[in-house]
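> I'd like to go over a predicted model; first the sequence, then the structure.
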Amino acid sequence: MKHNKSSEIFNEAKKYIPGGVNSPVRAFRSVGLDPIFIERGEGAKIYDVDGNEYIDYICSWGPLILGHSNEKVLEGIDEVLRRGTSYGVPTEIEVKMAKLIVEAYPSIDMVRMVNSGTEATMSALRVARGYTGRNKILKFEGCYHGHSDSLLVKSGSGTLTFGVPTSPGVPADTVKDTLVSRYNDLDAVKKIFEEQGEEIAAIIVEPVGGNMGVVPGKKAFLQGLRDICDEYGAVLIFDEVITGFRLAYGGAQEVYGVEAHMTCFGKIIGGGLPVGAYGGKKEIMDMVSPVGPVYQAGTLSGNPLAMHMGYNNLRILKDNPQIYEGIEAKAKRLEDGFRKNIHELNISAEVVRFKGMVCVFFAEGEFHSYDDVKNCDTDMYSRYFKGMLERGVLLPPAQFEGMFLSSEHTIEHIEETIKIQYDVLREL
Ligand code: PMP
């Protein structure tokens, strides 16, 4: 497989863009490669500028649950585009979108649109702090909530891969109110609350850890967080940027049967255009400007193009619940096939799956927290990634990320992936 044109563009890119990319994981650095540059995507496939074709398991890191350039998601977008791209005054589609999200999540009475997952979590925390009049927040090691200052502490995703637990440029004063605990360890959280519970505004958590590979939250852990928050008057924020409308139409809250006080979204609700959102109980959301005193705004928030794509995406998911069953069945087949390969070839690896989320960890044992995943053999993952790429399967270019599936992945794609994995693992 040749990557000449990608290399050419990358050399040019590095002159003008830090690392040649606009988001670190895209650089393929943690797998020791140069990135491929993409020309187009169609369904479950992605095509690079050198004409190579891949089965895509990145899917834009989650938004493309209905695959690339899905005609149904794109429906009407030309007309919206031609009418006008942004007004700075409200449009009806924003209301329809908000209503759809509120109807999907019983815990959400009101929702505010923003432009990214980072903005959603950052804003939700500000609102939770304004609502409680407290400063401290609690997050979990290995959970990533975007790159806003106060959340860039022991986070996952690119920060795990690059070993930057706290980024330079984040003032110590900014993170002094960010407490960090161990994922899935309720006793540790209880202890923190016993000592500082009256000062804690919020707990923010990924209900399924999707930025340290895939590490599902235990139901008792998530319910325990809700109970602790209720007891101490803190706000429980579920970061459903990945899980929202992915695990099920009602996200992790539907699957676990645990309700958060506030929820953050991104990815799927934009259908591939830049969107985020945060929502929750009315009395909390009433804190947000212009009704309440907590300021939060955005020139392009609720952008008509993004709302249109997101609305199409959600409508299709709402009307076709079988999509979720289909994705889960395919993920289960991947899990079984991968596990069989690993077992047969006697590789030191485990497959973790939760609903449609799948991850291969190059380590043995169980994976319940960041401590469990951090000793994975990342060199092995790099060789695995490279082998799969060379044979036409695009995996997340880092050990600490999950695979993303779409409705457009067919069972043939899945079987082909399992077969290719066998060949690649055999050569490792
Ligand atoms: N929260 C979670 C759980 C995420 O996975 C991400 C991004 N991967 C974010 C927040 C940040 O979203 P964005 O990249 O859109 O800012």
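Yep, that arrived. Residues are numbered from 1 along each chain as shown.
> What about the residue nearest to residue 114 when sequence neighbours are not counted, how many residues nearby?
Computed as CB to CB, 6 or more residues apart in numbering, the closest residue to residue 114 that is not its neighbour in sequence is residue 276, at 4.3 Å. C-betas here are computed from N, CA, C, even on glycine. By other CB atoms under 10 Å, 28 other residues sit near residue 276.
> which ones are touching residue 276?
The contact partners of residue 276, taken as CB atoms under 8 Å, 6 or more residues apart in numbering, are 113-120, 241, 264-266, 269-270.
> Tell me the one of those nearest residue 326?
Distance to residue 326, by CB to CB, is smallest for residue 269 among these, at 20.2 Å.
> Now do the contacts for that closest one.
Taking CB under 8 Å, 6+ apart as the test, what residue 269 contacts is 97, 101, 244, 245, 275, 276, 277, 310, 313, 314.
> Which ones among those lie within helices?
Among these, the members falling in helices are 97, 101, 310, 313, 314 (criterion: DSSP state H).
> continuing past the helix or strand of the chain with the lowest mean pLDDT, what's the next helix or strand?
The helix or strand of the chain with the poorest confidence is helix 158-161; it has a mean of 56 (mean pLDDT, DSSP states H and E). The helix or strand immediately downstream of helix 158-161 is helix 172-175, counting by DSSP states H and E.
> what is the mean pLDDT for that next one?
On average, the pLDDT along helix 172-175 is 84.
> Show me the contact partners of it.
Contacts of helix 172-175 (CB under 8 Å, 6+ apart): 149, 150, 152, 153, 166.
> which ones are touching residue 367?
Going by CB under 8 Å, 6+ apart, residue 367 touches 213, 214, 215, 350, 352, 361, 373.
> let me fix that: residue 292
Applying CB under 8 Å, 6+ apart, the residues near residue 292 are 130, 286.
> now swap in residue 171 and tell me
If you count contacts by CB under 8 Å, 6+ apart, residue 171 has them with residue 149.
> how close does it get to residue 149?
Residue 171 sits 7 Å away from residue 149, going by CB to CB, to the nearest Å.
> ok, now residue 398?
23 Å.
> Who has more neighbours out of these two?
Per other CB under 10 Å, whichever of residue 398 and residue 149 has more neighbours is residue 398, with 23 against 15.
> Next step: the contacts of residue 276 restricted to strands.
Counting by DSSP state E, the part of the contacts of residue 276 found in strands is 113, 114, 264, 265.
> so, if you compare those, which one comes nearest to the ligand?
Comparing the ones in strands among the contacts of residue 276 against the ligand with CB to the nearest ligand atom places residue 264 closest, at 6.7 Å.
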